[in-house]
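K.L.:
For reference, the sequence and a predicted model appear below.
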Amino acid sequence: MASNSTKSPKQRPVDKIDRNIIRRLQTNGRMSNKDLAKQVNLSSTPCLRRVGLLEQSGVIKHYKAVLDAELLGFSVRAFLQITRSRDLSRDKVWEELSALPEVIACHVISGDADLLIEIVARDMQHYGEILLEKINKIEGVYDTRSMFSIRAIKVDGEIPV
């Protein structure tokens, strides 16, 4: 961890109690403050204050529901390696890919490709439409390589705090 002299004003050390709070909220972000406080051996007010500080510092970025893509009709989960043209803005390519609703993750990677994106699609025809009609038409996308998930073994893993 960085020394105190290099921390921005909103950063603060994350201690053992904070880590305990984070672990529990990763498992159940809807847990009531009362239940959380009980589980981490604090009273409600200090627990709420600590959660607020973790939110303000950016350690807790946001809360959301994790959805089951298959139950919502998305049977295809694909990973697409993308190589971009070097003569065009990488930020523009990143922005356009990230704006596609079917793109659920986008990473800058090392190796032969520049980006790795995760896509959900209703079926292979829908995936083909996303690839051919949207992604391949983005200026700056030079090459794509698709890989398909056969079965998800672990997704939405928790950060080991």
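P.N.:
All right, it came through fine.
K.L.:
Can you get me a residue count around residue 126?
P.N.:
Applying other Cβ atoms under 10 Å, we find 17 residues neighbouring residue 126. Where you see a C-beta, it was placed from the backbone N, CA and C, and this is true even at glycine.
K.L.:
does it count as helix, strand or coil?
P.N.:
Look at residue 126: counting by DSSP: H, G, I helix; E, B strand; the rest coil, its state is helix.
K.L.:
And it, how far from residue 119?
P.N.:
Distance from residue 126 to residue 119, counting by Cβ to Cβ, to the nearest Å: 10 Å.
K.L.:
who touches both of those two?
P.N.:
residue 76 (Cβ atoms under 8 Å, 6 or more residues apart in numbering).
K.L.:
mind listing what residue 21 touches?
P.N.:
Shown in contact with residue 21 (Cβ under 8 Å, 6+ apart): 36, 40, 47, 50-51, 54.
K.L.:
cool, residue 94 as well?
P.N.:
Counting by Cβ under 8 Å, 6+ apart, residue 94 has contacts 106, 108, 115.
K.L.:
bridging residues for the second one?
P.N.:
In other words, residue 108. Counting by DSSP bridges, residue 108 is bridged to residue 115.
K.L.:
close enough to count as contact, it and residue 117?
P.N.:
No: contact criterion Cβ atoms under 8 Å: residue 108 and residue 117 do not qualify, at 10.5 Å.
K.L.:
neighbour-wise, which of the two wins?
P.N.:
Taking neighbours as other Cβ under 10 Å, residue 108 and residue 117 compare with residue 117 leading, 22 against 10.
K.L.:
now that one, what's its secondary structure?
P.N.:
Under three-state DSSP, residue 117 falls in the strand class.
K.L.:
Residue 80 now?
P.N.:
strand.
K.L.:
Any idea how many residues pack against it?
P.N.:
Burial of residue 80 is recorded as 23 neighbouring residues (other Cβ under 10 Å).
K.L.:
For it, which non-adjacent residue is spatially closest?
P.N.:
residue 117 (5.0 Å; Cβ to Cβ, 6 or more residues apart in numbering).
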